[in-house]
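Engineer: sequence unavailable; structure follows:
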């Protein structure tokens with residue numbers, strides 16, 4: 001249950017603040033601290049699964065997530081631009 005709450009908070013941060021880094025950092029730190037405090041590997045497994053589900057959901061629903069992943073995969077596609085426009089090769 002605590003991992004679900006942290007996952008929900010991380011998704012809210014990502015959706016409303018559009019800040020992928022902070023959302024991921026909050027979630028991972030929470031899961032790791034919970035694992036260190038309890039020693040239960042189930043929290044790491046649940047956190048990894050929820051991360052994968054949240055990543056897939058975000059990728060399919062939000063354009064800004066797709067743009068940021070494309071920039072991460074090919075940062076030189078728009079090297080002299082703002083970093084938010086992806087130039088498609090014709």
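Structural biologist: Now that the structure is in, tell me what you want to look at. All of these numbers come straight from a predicted model, not from anything done at the bench.
Engineer: how about stretch 3-19: buried residues?
Structural biologist: 3, 6, 7, 10, 11, 13, 14, 15 (16 or more other C-beta atoms under 10 Å). The C-beta positions use only the backbone N, C-alpha and C, and glycine is treated the same way.
Engineer: now the spatially closest residue to residue 51 that is not a sequence neighbour, what's its secondary structure?
Structural biologist: Take residue 51 and drop its neighbours on the chain: the residue closest to it by C-beta to C-beta, 6 or more residues apart in numbering is residue 27, 6.8 Å away. Under DSSP: H, G, I helix; E, B strand; the rest coil, the three-state class of residue 27 is helix.
Engineer: ok, residue 27 to residue 77 distance?
Structural biologist: Using C-beta to C-beta, to the nearest Å, residue 27 is found at 28 Å from residue 77.
Engineer: try residue 37
Structural biologist: 43 Å.
Engineer: which of residue 27 and residue 77 has more residues huddled nearby?
Structural biologist: Using other C-beta atoms under 10 Å, the more surrounded residue of residue 27 and residue 77 is residue 27, with 23 against 15.
Engineer: right, and the helix or strand after the lengthiest helix in the chain?
Structural biologist: Ranked by number of residues, the top helix in the chain under DSSP state H is helix 41-61. Per DSSP states H and E, helix 41-61 leads on to helix 63-73 as the next helix or strand towards the C-terminus.
Engineer: which helices and strands does that following helix pack with?
Structural biologist: helix 41-61 (3 or more C-beta pairs under 8 Å, 6 or more residues apart in numbering; DSSP states H and E).
Engineer: list the buried residues for the helix it packs on?
Structural biologist: Of the residues in helix 41-61, 43, 46, 47, 50, 51, 54, 58 count as buried by neighbour count, 16+ other C-beta under 10 Å.
Engineer: which residues touch the residue nearest to the last one when sequence neighbours are not counted?
Structural biologist: I take that to be residue 58. Distance criterion C-beta to C-beta, 6+ apart; nearest residue to residue 58, sequence neighbours excluded, is residue 65 at 4.5 Å. Counting by C-beta atoms under 8 Å, 6 or more residues apart in numbering, residue 65 touches 14, 20, 58, 59.
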